[in-house]
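Engineer: The amino acid sequence is not available; the structure is as follows:
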């Protein structure tokens, strides 16, 4: 299926170009924003598209097309940061340490002292029906450190396997798991606070 | 014996089945015995399911897609 799409792209078929832009432009821009910030994310995405089109003949199918394209975006973004002498640290200590379940909620032996409260809404659909909850979740997402937000988006929004995420972001699997866990925990805390307020 | 704090720290590994058999059994034993952690795990799993239903916040308009398609087709035609 993907091979067919690539052949159509190489043959210059407009429908194929429309398909990859529709499928990937949003997530490419999101990834670029997370790495380089809003101001130059568009430029990074355009650079990445040029690379994608020029390298399409060399695509060997060792990963999915999506993973391959996002790896190119990540590389373009990090190259851009290096050129501008900005830090390319991903998944460093500050990213990893932030947003665990607060230690205050446990006693010295590690058992709950401030236990999780009861949530009024049982299902994800019921929870998402609350506008205030959606707003708070959006805010929490935006406040996550960049690496945590990116991994959460790639894993839970896009459903990519962890191996692919590690390739895209060039970070170790153990770090990426910790970052994903911290991000999910922060969102759990956001809901917990709202449901028990 | 795992503590409640351990459960909150290993919840993603358990959910993603990234745990050895022994660790998994220890985890399950604790959750079976501790209703606070059972509640935590239930809520944590709901949080993941809900996140999966949230849509990315970068919408692309039809006109921006048209523009991008033209740009890419031009790049493709260049030698």
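Structural biologist: Good, I have the coordinates. Predicted model, so just to flag it, every value in this text is computed and none were measured.
Engineer: which stretches of chain B have low pLDDT?
Structural biologist: Across chain B, the ranges flagged by pLDDT under 70 are B:55-59, B:78-79.
Engineer: Which single residue in it comes nearest to chain A?
Structural biologist: residue B:3 (3.0 Å; C-beta to the nearest C-beta). Heads up, the C-betas are built off the backbone N, CA and C, glycines and all.
Engineer: so what's that residue up against?
Structural biologist: A:106, A:109, A:110, A:111 (C-beta atoms under 8 Å, 6 or more residues apart in numbering or on different chains).
Engineer: Please list which of those residues are also close to chain B.
Structural biologist: Contacts with chain B within those, counted by C-beta under 8 Å from any C-beta of the partner chain: A:106, A:109, A:110, A:111.
Engineer: Of those, select the buried ones using a PyMOL command.
Structural biologist: Buried members of these, defined by 16 or more other C-beta atoms under 10 Å in any protein chain shown, are picked up in PyMOL with:
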select buried, chain A and resi 106+110
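Engineer: Just the closest of the ones next to chain B among the contacts of residue B:3 to residue B:72, please.
Structural biologist: The closest of the ones next to chain B among the contacts of residue B:3 to residue B:72 turns out to be residue A:106 (C-beta to C-beta; 52.9 Å).
Engineer: what pairs with the closest one across the strands?
Structural biologist: residue A:112 (DSSP bridges).
Engineer: Just confirm it contacts residue A:116, I think it does.
Structural biologist: No - applying C-beta atoms under 8 Å, one finds residue A:106 not in contact with residue A:116, separated by 11.7 Å.
Engineer: returning to what we had before: redo the contacts of residue B:3 as JSON lines? Include distance to residue B:8.
Structural biologist: Shown next, in JSON lines, are the contacts of residue B:3 (distance: C-beta to C-beta, whole Å):
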{"residue": "A:106", "distance to residue B:8": "8"}
{"residue": "A:109", "distance to residue B:8": "14"}
{"residue": "A:110", "distance to residue B:8": "10"}
{"residue": "A:111", "distance to residue B:8": "11"}
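Engineer: Tell me which two of the residues you listed sit farthest apart.
Structural biologist: Farthest apart among the contacts of residue B:3 by C-beta to C-beta are A:106 and A:109. That separation is 8.0 Å.
Engineer: What is the neighbour count of residue A:112?
Structural biologist: 20 (other C-beta atoms under 10 Å in any protein chain shown).
Engineer: and it, what does it touch?
Structural biologist: A:105, A:106, B:4, B:36, B:37.
Engineer: Who wins on neighbours among those residues?
Structural biologist: residue B:37 leads the contacts of residue A:112 on contacts (other C-beta under 10 Å) with 26 neighbours.
Engineer: what helix or strand is it on?
Structural biologist: helix B:35-53 (DSSP states H and E).
Engineer: got a list of contacts for that helix?
Structural biologist: Contact with helix B:35-53 is made by A:112, A:115-116, A:118-119, A:122-125, A:127-128, A:152, A:156-157, A:159, A:184-185, A:187-188, A:191-192, B:4, B:7-8, B:11, B:14-15, B:30-32, as judged by C-beta under 8 Å, 6+ apart.
Engineer: got the buried residues for it?
Structural biologist: In helix B:35-53, counting by 16+ other C-beta under 10 Å, buried: B:37, B:39, B:40, B:41, B:43, B:44, B:45, B:46, B:47, B:48, B:50, B:51.
Engineer: Following element in sequence after it, please.
Structural biologist: Next along the chain after helix B:35-53, taking DSSP H and E as the criterion, comes helix B:62-77.
Engineer: quick one: is that next one near chain A?
Structural biologist: Yes - residues of helix B:62-77 contacting chain A under C-beta under 8 Å from any C-beta: B:64, B:65, B:68, B:69, B:71, B:72, B:73, B:75, B:76, B:77.
Engineer: If anything else comes up later, I'll come back, but that's it for now.
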